[in-house]
Every structure is written in structure tokens, then in C-alpha cells.
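# show me the folded form of this:
(one chain, ligands or ions: 1)
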Amino acid sequence: MLAARRTDRLESIVADLREQGGRAIACQVDVTRREDLEHMVERAVAEFGRLDVLVNNAGVGKISAVADLDVDGWTAMIDVNVRGVLNGIAAAMPVFRRQGVGHLVTTVSTSGLKIVPTQSVYAGTKNAVRTIMEGLRQESTDGVLRTTSISPGFVRTEFTEPIDDQAVRDQLSKSMADFGISAESVARAIAFAIDQPHDVEIGDLTIRPTVQG
Ligand SMILES: NC(=O)c1ccc[n+]([C@@H]2O[C@H](COP(=O)([O-])OP(=O)(O)OC[C@H]3O[C@@H](n4cnc5c(N)ncnc54)[C@H](OP(=O)(O)O)[C@@H]3O)[C@@H](O)[C@H]2O)c1
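A predicted model of the protein is given here:
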């Protein structure tokens, strides 16, 4: 089940997966809308019979110095990066509990591990989620739920496009182009966490370019 707001992009991935013999469907979801995630989970269960894993990957980085007071950008990051993840957790948990098994994977960031100027609020949202996931892990030791937080470093994606500060955007885009790793590398790390037997939980996993400082 592939979910995002732009379904045209999802549909082309679905077509690729089907061509390779996979089963896949696209679902339009805005993670800031709780009902969208509830609908997505219902549809996943209806189509596939169960929900094994929810990967909370949607994120936005409106990167700028705090002094720039990009209050709308802060709101967007809190809404997508924190509220969006909580909406996903709220939608999936009842199904995981009913099934007696489930796995929550969330993409956080090395921004939260090495704090750098201009990324304060973004890193704050990622570390809020890191904290929530660790708390949830401690609350979930009955063997039903696995939790995984993946912290990528620079990955070559469209992540810098929404950044308004031209200098910051250029600098991050350059780093991404110069040494960013592929999105597939992160997907492989997520697959590694998922593929473990259910009694093995990969709690935190950091994956960054070898040359990233
Ligand atoms: N790229 C990096 O260097 C890097 C490093 C560390 C962590 N991350 C994290 O990795 C994750 C993926 O980011 P990316 O690098 O792949 O950036 P990206 O190319 O900008 O992709 C962002 C993804 O999130 C989706 N999304 C954004 N807002 C959404 C919303 N409200 N509802 C549903 N989906 C939404 C987008 O799809 P639609 O726009 O179609 O909805 C898109 O698929 C994020 O959590 C980001 O913080 C990225």
C-alpha cells in the first residue's frame, strides 16, 4: 500500500511493481488528516487481509534559522513530521493489537543526532518522534509491537525543494548531489529491520553517506 498526496506518482510505482509480479495499490493520504490514515489502514486490511508494518516516512524540512521566524514552516513541520506520525500510530495500533502483531517504522534523521544551525526546528520535530517511539517501545514489551526509528543522513531526494531560504537550499542541494546516498539504501535498511524475526527489534538504525561529517 503506497500512500502520499500525489497519486499520479504513486500509480506509476504501482504499475512498476505489478509489472514485476508484485501486489500493490495506491492510496491518497495527507498524513495531517487523521481520517486519511484511518481510511488507508482500513483499505490495506480489506485488500491484503492484514497490516504487517506501517512505515511513517512522510516528512517536510522547511529548513531555516529560528531567527527567520518562519512560523508557517514550523507549523508545517510539526503537522507533518510529528502529528502525521501520531496519526499513523493511532490508525495502525488498534489493528496491530487485534492481530497480536505489528511493526511501526519511522524515518527520523541524523539532524536530530548532530544538531546544526538552521535545522533546529526540523531536528526538534525528528527528535520529538524519536522520543515518542522510544517511549512507545518501553510501553510495548508484551511482544505485540516492534518499533524502529531510521535516521538517514544525506539522501538524494526532492527534500530541499520546499526550502525557501535560497542559500540554505543551495547548500543542502549541493551536499545531496555531491555525496547523498540513494533512497534505495534507506529502503534496504527498512527492509532489514522488517525482515528480522518478530522477537528481534531493530530499535534505532543510522544510515548515512560514509563521507558525511
Ligand atoms: N533526503 C534526506 O537527506 C533526508 C535525510 C534524513 C531524513 N529524511 C526524511 O526522510 C523522509 C522522506 O523525505 P525525502 O527525503 O524522500 O523527501 P521528499 O523527496 O521531499 O519526499 C517527501 C515525501 O513525503 C510525502 N509527504 C509530504 N507531506 C505529506 C503529507 N502531508 N501527507 C502525505 N505524504 C506527504 C511526499 O509525497 P506527496 O508530496 O505526494 O504527499 C513525498 O513522498 C522525511 O521524513 C524526511 O524528513 C530525509
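# for the residue of the chain found nearest the ligand, helix, strand, or coil?
In the chain, no residue comes nearer to the ligand than G59, which is 2.1 Å away by CB to the nearest ligand atom. C-beta coordinates here come from the backbone N, C-alpha and C atoms, glycine included. State at G59, reduced to three classes by DSSP: H, G, I helix; E, B strand; the rest coil: coil.
# list the contacts of it.
Applying CB atoms under 8 Å, 6 or more residues apart in numbering, we find G59 in contact with 80-81, 84, 107, 109, 126.
# and if you look at I202?
I202 touches 148, 192-193, 196, counting by CB under 8 Å, 6+ apart.
# roughly how far apart are the residue of the chain closest to the ligand and R23?
26 Å (CB to CB, to the nearest Å).
# can you show me the strands along this structure?
Secondary structure of the chain by DSSP state E: the strands cover 2-4, 26-28, 53-56, 102-107, 145-152, 204-207.
# mean pLDDT, mean neighbour count and distance to the ligand added to those, as CSV?
Shown next, in CSV, are these (pLDDT from 0 to 100; neighbours: other CB atoms under 10 Å; distance: least, CB to the nearest ligand atom, whole Å):
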stretch, mean pLDDT, mean neighbour count, distance to the ligand
strand 2-4, 98, 19, 3
strand 26-28, 98, 17, 9
strand 53-56, 98, 20, 8
strand 102-107, 98, 23, 4
strand 145-152, 98, 23, 4
strand 204-207, 98, 16, 9
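# count of neighbours near R50?
The tally of other residues near R50 (other CB atoms under 10 Å) stands at 12.
# not counting sequence-adjacent ones, nearest residue to the residue most central in space within the chain?
Centroid check for the chain by CA atoms, centre = their mean gives N57 as the closest residue, at 1.7 Å. Spatial nearest neighbour of N57, chain neighbours left out: T107 (4.6 Å); criterion: CB to CB, 6 or more residues apart in numbering.
# kindly list the longest helix within the chain.
helix 120-139 (DSSP state H).
# what packs against it?
With contacts taken as 3 or more CB pairs under 8 Å, 6 or more residues apart in numbering; DSSP states H and E, helix 120-139 sits against helix 71-77, helix 84-99, strand 102-107, strand 145-152.
# could those go into CSV alongside distance to M176?
As requested, these are arranged in CSV below (distance: least, CB to CB, whole Å):
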stretch, distance to M176
helix 71-77, 18
helix 84-99, 22
strand 102-107, 16
strand 145-152, 11
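# tell me which of these lies nearest to F179.
Distance to F179, taken as CB to CB, is lowest for strand 145-152 among these, at 12.9 Å.
# what strands line up against that closest one, and which way round?
When pairs are called by DSSP bridges, strand 145-152 turns out to pair with strand 102-107 (parallel), strand 204-207 (parallel).
# mind putting these in TSV, distance to S12 included?
As requested, the strands paired with strand 145-152 are exported to TSV (distance: least, CB to CB, whole Å):
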stretch	distance to S12
strand 102-107	22
strand 204-207	26
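# stretch 10-30: end-to-end distance?
13 Å (CA to CA, to the nearest Å).
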